[in-house]
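> model the structure of this input:
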Amino acid sequence: MSRIYFDNAATTALDPEVLETMMPFLTEKFGNPSSIYSYGRETKIAIEQARKSVAKILNASPGEIFFTSGGTESTNTAITAATRDLGCKHIITSPLEHHATLHTVEHMAHFKHATLDFVKLTDAGHVDLAHLEELLANNKERTLVSLMHANNEIGNMLNIKAVGELCRKYDAIFHSDTVQTVGHYPFDLKDIYVHFINAAGHKFHGPKGVGILYVNENIKIKPYINGGAQERNMRAGTENLYGIVGFAKALEIATSRYEEDSAYIKGLKSYMAEKLKDTFEGVTFNGDTNGNSLYTVLNVSFPMTERSDMLLFNLDMAGICVSGGSACTSGANSVSHVIKAMYNGQAETMVPIRFSFSRHNTKDEVDSVVAKLKELV
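Prediction:
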């Protein structure tokens, strides 16, 4: 049975060119980057070249880029640093954030490191910017605003520049989880008022277990992980050498292919949305599907019936890989926190499925999936 993979927001296939770039560092170039002899020096040089490459693509300075294990560690580091080192006693976030953010800010509130406010959402699931300003204006404590650039489940995109300007106006620290957008959109960090962003290599055909944290040069924070001087004293532990090299290469490839890939994938998303509308009665789309939304993500709700109840399971049995929400919570057979927050009591009457695409997907695969859904629903 051939498999159809429509869960690229969870992870993407490793690009063969990225693997090729990583291979020497998995084999003969195995020196510890902290060692002073030549084996160590050549791997240290590779890491610094990767850092320069990433910084150039994001229009940041190399000193602002720190390599981590991925988006979750980067988010934890940013939120912890904001409350511990930057004097933020108040946090504003949204109920639609990734659990890496939600669980961390809830932890801060639980231990009284900061008070916590949730910004209201519009009907389409966007952050209500008027309410965000109201929350900023009415709080006298220094505030951390943590809002994701694009939602990993419904695809809605934040107006990151507008939020940055509000944070500038109220002297707030701004962290944006950009895991779904780095490698998929151009960035100019010199043009955005933001203190922290994060990324994960496996979202754009790079390796798993490696990411970045951007820390704006105008702030100074302490390490989240202690015990060594790696990453310019910011993150202890021997560097994930081949991961770092792979991350930089994947970001270079993604950037060079942006125009071509984004147009192609956007076309696939539109094609599938039209096919689903034409084929199924009562199908709805979650989020701002045709508006300010990721070109990679299509979140669809089927009405709850006896036949649709086991839809995810039956698609899996048919060799079709999709998810009901975030991959980090896909083991749970319940509606995700994002859909619940958007629809309140109505969420249990829906069967939401996230289809997420990459350059490897085709219209033929869309046709096959729609045909299988018709059979199942």
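
> now find how far off-centre stretch 291-298 is within its chain.
Mean-position distance between stretch 291-298 and its chain equals 13 Å (CA atoms, centre = their mean, to the nearest Å).

> per-residue pLDDT, M304?
On pLDDT, M304 comes in at 85.

> do the same with G291
96.

> wait, it touches A124, no?
Yes: counting by CB atoms under 8 Å, G291 touches A124, with 6.8 Å between them. C-betas here are computed from N, CA, C, even on glycine.

> A strand includes P352, no?
Yes: secondary structure of P352 (DSSP: H, G, I helix; E, B strand; the rest coil): part of a strand.

> is it in a bridge, and if so with what?
S301 (DSSP bridges).

> quick check: it touching N299?
Yes: here P352 reaches N299: they are 6.1 Å apart, a contact under CB under 8 Å.

> the two: which has the busier surroundings?
Ranked by neighbour count (other CB atoms under 10 Å), P352 and N299 place N299 first, with 29 against 25.

> what strand or helix carries the more buried one?
strand 297-303 (DSSP states H and E).

> for that strand, name the packing helices and strands.
The contact analysis (3 or more CB pairs under 8 Å, 6 or more residues apart in numbering; DSSP states H and E) places strand 297-303 against helix 258-279, strand 284-285, strand 350-356.

> which one of those lies closest to L189?
Closest of these to L189 is helix 258-279, at 16.5 Å (criterion: CB to CB).

> so which residues lie in contact with that closest one, not counting its own?
184-186, 254, 283, 285, 289-290, 295-298, 300, 355, 357-359, 361-363, 366-367, 369-370, 373-374 (CB atoms under 8 Å, 6 or more residues apart in numbering).

> returning to what we had before: which one's more surrounded, G291 and A124?
A124 (15 against 11).

> please tell me I have it right and L241 contacts E48.
No: here L241 lies out of contact with E48, judged by CB under 8 Å, at a distance of 11.8 Å.

> so the residue sitting nearest the centre point of the chain, which state does it fall into?
The centroid of the chain falls nearest to V179 when counting by CA atoms, centre = their mean (2.4 Å). The assignment at V179 comes out as coil when based on three-state DSSP.

> give me the buried positions along the strand holding N299.
By neighbour count on 16 or more other CB atoms under 10 Å, the buried set for strand 297-303 is V297, L298, N299, V300, S301, F302.

> just put those in JSON lines and tack on distance to L268.
JSON lines is the format used below for these (distance: CB to CB, whole Å):
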{"residue": "V297", "distance to L268": "11"}
{"residue": "L298", "distance to L268": "9"}
{"residue": "N299", "distance to L268": "15"}
{"residue": "V300", "distance to L268": "14"}
{"residue": "S301", "distance to L268": "20"}
{"residue": "F302", "distance to L268": "20"}
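
> of all those, which two lie farthest apart?
Longest span within the buried residues of strand 297-303, CB to CB: V297 and F302, 16.8 Å.

> show me which of the contacts of helix 258-279 are buried.
184-185, 254, 283, 285, 289, 295-298, 300, 355, 357-359, 361, 366, 369-370, 373.

> quick one: the helices in this structure?
16-26, 38-58, 71-84, 99-110, 129-137, 160-169, 230-233, 241-256, 258-279, 311-317, 337-343, 363-376 (DSSP state H).

> would a markdown table of the ones you listed with mean pLDDT and distance to G325 be doable?
Shown next, in a markdown table, are these (pLDDT from 0 to 100; distance: least, CB to CB, whole Å):
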| stretch | mean pLDDT | distance to G325 |
| --- | --- | --- |
| helix 16-26 | 98 | 27 |
| helix 38-58 | 97 | 28 |
| helix 71-84 | 98 | 16 |
| helix 99-110 | 98 | 10 |
| helix 129-137 | 98 | 24 |
| helix 160-169 | 98 | 23 |
| helix 230-233 | 96 | 32 |
| helix 241-256 | 98 | 24 |
| helix 258-279 | 98 | 18 |
| helix 311-317 | 94 | 10 |
| helix 337-343 | 93 | 6 |
| helix 363-376 | 97 | 18 |
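
> out of those helices, nearest to E217?
Closest among those, using CB to CB: helix 38-58, at 11.0 Å.

> that closest one - contacts with which helices or strands?
Under the contact rule (3+ CB pairs under 8 Å, 6+ apart), helix 38-58 is packed against strand 65-68, helix 241-256.

> out of these, which gets nearest to R41?
Closest to R41 of the helices and strands packed on helix 38-58 is helix 241-256 (CB to CB; 12.7 Å).

> same for that closest one, what does it pack against?
helix 16-26, helix 38-58, strand 65-68.

> if we look at that helix, which residues are touching it?
Counting by CB under 8 Å, 6+ apart, residues outside helix 241-256 touching it are 14-15, 17-19, 21-22, 25-26, 33, 43, 46-47, 49-51, 53-54, 57, 67, 182-184, 186, 201, 204-207, 209-212, 261.
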